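> Using only what follows, build the 3D model:
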Amino acid sequence: MLHSRNLLASNLAYDFTIVLLKLIINLFFREIRPRGSHKIPKKGPVIFVAAPHHNQFLDPIILMSEVRAAENARRVSFLIAEKSMKRPFIGLMARIMQSISVTRAADNAKDGTGSIFLLDQDLNIVHGCQTSFTRELSPRMQLMLSKQFGFATVEVVEVISDVQLKVKKTFTSKASDVLREEGMKITSGLDKAGLTFKVLPYIDQTKMYSRVYEKLKNGGCLGIFPEGGSHDRTDLLPLKAGVSIMALGAMSANPEIKVRIVPVGLSYFHPHRFRSRAVVEFGSPIEIPQQLVRDFESGNEEKKAAIGKVMDLVYDGLKSVTIQTPDYDTLQVIQAARRLYRPPNRHVSLGTVVELNKRFITGYLRYQDEPRVQALKQKTLQYNKALSYLGLKDHQVDKVDRRWWKSLILLCFRAGLVTGWGVLALPGVVLNAPMFICASIISRKKAKEALAASTVKIAGRDVLATWKVLVSLGLAPPLYLMYVAIAVSLAVKYELPKRYLMWTPLAMLIALPSIGYSALKFGEVGMDVYKSLRPLLLSLSGNRRQIERVRGMRTELQEELHGVIEEYAPKIWENFDQFRI
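This is a model prediction of the structure:
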C-alpha cells in the first residue's frame, strides 16, 4: 500500500512538472510539431532513443512532454549524468521526472602525477616520468590525454611499477606518435618530456543497470541519447552501445518481458534561437529478436555480436527519422533545394518540410558524384550568394513587386504596422530587458566553456538555448519581485487609498507576466511584418537588374531541380509518383 501511494505521488509530481515545463518550452519555441506519435506502444517496456542531441537539457523535456501529450500517453524517465544531478535546479527537476543517474568516469577524472611516454619496443607498455602508478592506478582504470589528442583514453590492464604499466589497447595513432617522440626525448637525456595525463576511475555500473532493468520489468519507459553528450554537428556522433546492453540485459534478466526501442528524430529550425520551431518524429518500434537475447547470454564474441546487431537496428531506425548531412554546406544546399521545390502559394507543414529534407538528403548522398547533380549544387550555392548580397530570403524573391507605387503604399502601411506592434511590445521589452541581456551574455559564456571542453562541438550552440532558459527562470522571480516592491513603495509614497494599496502586489504579479507575454506575441507579429520590408525597399531602389537576375536564376534552378528529380528519384523509390510530395 505504501509503495503504491509513493508511486501515485511520484506520478502526480511528474505530471504537474511536465505541465510547467511544457509552458516554459512553449515560451521559448514558437511551434513544436509531433509526427508519428501514434506509433508509441500503448503498454510494455519501451526505450526511446533520440537524436541528434542538439539542445542540451531542452531535448529531454521536449521528448517527455510530447510522449506524455500523445494519444498513447506514457511517462519517460531519462538517464542523466550524475554531474548534472548535482546541479541545484536541474537535479531537482531530474529527480521529480524519475530520472536515473549515470556516473561517468570522465566527470571524476583527476590529474595524474608526472608525465607519460612510449617506447618503440612495445606500444602497450606506458612508461612514466616521475609518476606514481602503483598509488594512483589499478587494473580497469583509464589514462586520458588532453583535448589536443581528442581526450584519447586507454584502459589499464596491469600496473607493473610506479613508472610502468600495461594497457589493453594502444592510444590513437596521433597520440602514439607524439608519445613516442616524447620517449625519444627522454632516452636522449631531456628532463622535461612526456605528456600530462588524467586518471579516470573504474565505474561499476551494476546499480544503474539494476535500476534500468527494474524500470523496464515494471513496463516503464526510458529515454536515452545514444550519442552521449550534446553537440551542434550536422551528422550523428558514433552511437554508444549502452542502449543495446540495457535492452538485451533487461530481456535476459526478465524473460517474460519484450523491450521495444522507439527511434525519435529531433529536427530544429535554428535550435538556439528564441521562438524557433521544432519537429519531433517517432519511428516504428524496433522488435528485438529472441535469438539475439540468447546470443547475449552466451557471452564472449556472441555477446558482442548481439550488441552490435541491436546497434545496427537502432542506427537504421534513427536514420529514418533524422536529417544528417556530412557538412554545413551540404545542409545549406539541401535546404535551398527543398525551398525551390515547394510549389508557390502553398502552405507546407513542418512535418512535410522535414520529410522533404530527408528525401533530398537521401537522393543527394546517392547521386552526389553525378555531373548533373554537381552542376546543380554549384548553381544553388551561387543563388544563395546572390540572395545574401541582396539581403533576401528565397521566399521573398517573388514578393519584390515590379510596380514601385504599389510597393510604396504597402511599405508605408507595413511600416505603420511595425511601429504599432513595436509600441505595444515596448513595455514588456523594457521590463524584461535585464533578463534577456543577462541570458544572452551568460549563454554565450557557457557555450565557450562547453566548446573548450569538447572535441565534437563546432561552436557550442547546443548549450545556448538551455542556458537562456535556465538564466531566465532564475532571474524572472527576483526581477518581478523587485518591480512589485517598487510599485508598492510608489503606492505608499503617493498615498494611494488602502483598498488599492492592498491589491497592488497581486495586481503587479498578474500584470507583469501578462505584459511580458503580450510583448512576446506583439513582437512576434511585428517581426514577421518587419522581415517583409526588405523586398519592398528593394522594389523602390535601383536594384531592379539584380532582382531580375536572381529571379531568373531561381526559375532556371527550379526547372533544373525538377529535371534532376524526375531522372533520379524513380531509381531510388519504386512507385515514386504514388507517394511524391
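
> switch to C-alpha atoms for all contacts and neighbour counts from now on
Will do.

> can you pull the contacts of Ser132?
Thr113, Gly114, Asp162, Val163 (Cα atoms under 8 Å, 6 or more residues apart in numbering).

> Kindly tell me how buried Val102 is, as a neighbour count.
Other residues lying near Val102 total 18 when counted by other Cα atoms under 10 Å.

> so is Val126 in a helix, a strand, or just coil?
Secondary structure, DSSP: H, G, I helix; E, B strand; the rest coil: Val126 is strand.

> looking at the sheet around it, what are its partners?
Leu118, Leu165 (DSSP bridges).

> Isn't it up against Asp120?
No - counting by Cα atoms under 8 Å, Val126 stays clear of Asp120, with 10.7 Å between them.

> and these two? which has more neighbours close in?
Applying other Cα under 10 Å to Val126 and Asp120 shows that Val126 carries more neighbours, namely 23 against 14.

> quick one: pLDDT of the more buried one?
The model reports Val126 with a pLDDT of 96.

> what residues are up against it?
With contact set as Cα under 8 Å, 6+ apart, Val126 has these partners: Ile116, Phe117, Leu118, Leu119, Gln164, Leu165, Lys166, Val167.

> Pick the one among the residues you listed closest to Ala447.
Ile116 (31.5 Å; Cα to Cα).

> any idea whether the closest one is helix, strand or coil?
strand.

> which residues are contacting stretch 227-245?
Against stretch 227-245 from outside (Cα under 8 Å, 6+ apart): 47, 49, 51-56, 224, 226, 307-308, 310-311, 315, 323-328, 331, 456-463.

> Show me which of the residues you listed are buried.
Buried members of the contacts of stretch 227-245, scored by 16 or more other Cα atoms under 10 Å, are 47, 49, 51-56, 224, 226, 307-308, 310-311, 315, 323-325, 331, 457, 460-463.

> Assign a three-state SS to Glu495, would you?
Reduced to three states by three-state DSSP, Glu495 is coil.

> phi, psi of it?
Backbone torsions of Glu495, given as degrees, to the nearest 10, read phi 50, psi 50.

> ok, it to Val488 distance?
Applying Cα to Cα, to the nearest Å, the value for Glu495 to Val488 is 10 Å.

> between those two, which one's more packed in?
Val488 (19 against 11).

> can I assume the more buried one is in contact with Trp503?
No - the criterion here is Cα under 8 Å, and Val488 misses it with Trp503 at 9.5 Å.

> what does stretch 8-26 rub up against?
Ile32, Leu58, Ile61, Ile62, Met64, Ser65, Met93, Ile96, Met97, Gln98, Val469.

> Going by neighbour count, which residues in that stretch are buried?
So for stretch 8-26, counting by 16+ other Cα under 10 Å, buried means Ser10, Asn11, Tyr14, Asp15, Thr17, Ile18, Leu21, Lys22, Ile25.

> hmm, back to that, which ones among the buried ones among the contacts of stretch 227-245 lie within strands?
Among these, the ones falling in strands (DSSP state E) are Ile47, Val49, Ala51, Ile224.

> Which member of the contacts of Val126 is positioned nearest Ala450?
Among these, and counting by Cα to Cα, the member closest to Ala450 is Ile116, at 26.9 Å.

> How many residues are close by Ala69?
17.

> any idea how far it lies from Ile203?
For Ala69, the distance to Ile203 - Cα to Cα - is 36 Å.

> So which elements touch the helix or strand encompassing Lys185?
Secondary structure from DSSP states H and E places Lys185 in helix 173-187. Using 3 or more Cα pairs under 8 Å, 6 or more residues apart in numbering; DSSP states H and E, the elements in contact with helix 173-187 are strand 115-118.

> run the last query once more with 10 Å
On a contact count with 3 or more Cα pairs under 10 Å, 6 or more residues apart in numbering; DSSP states H and E, helix 173-187 meets strand 115-118, strand 125-129.

> Done for today, thanks.
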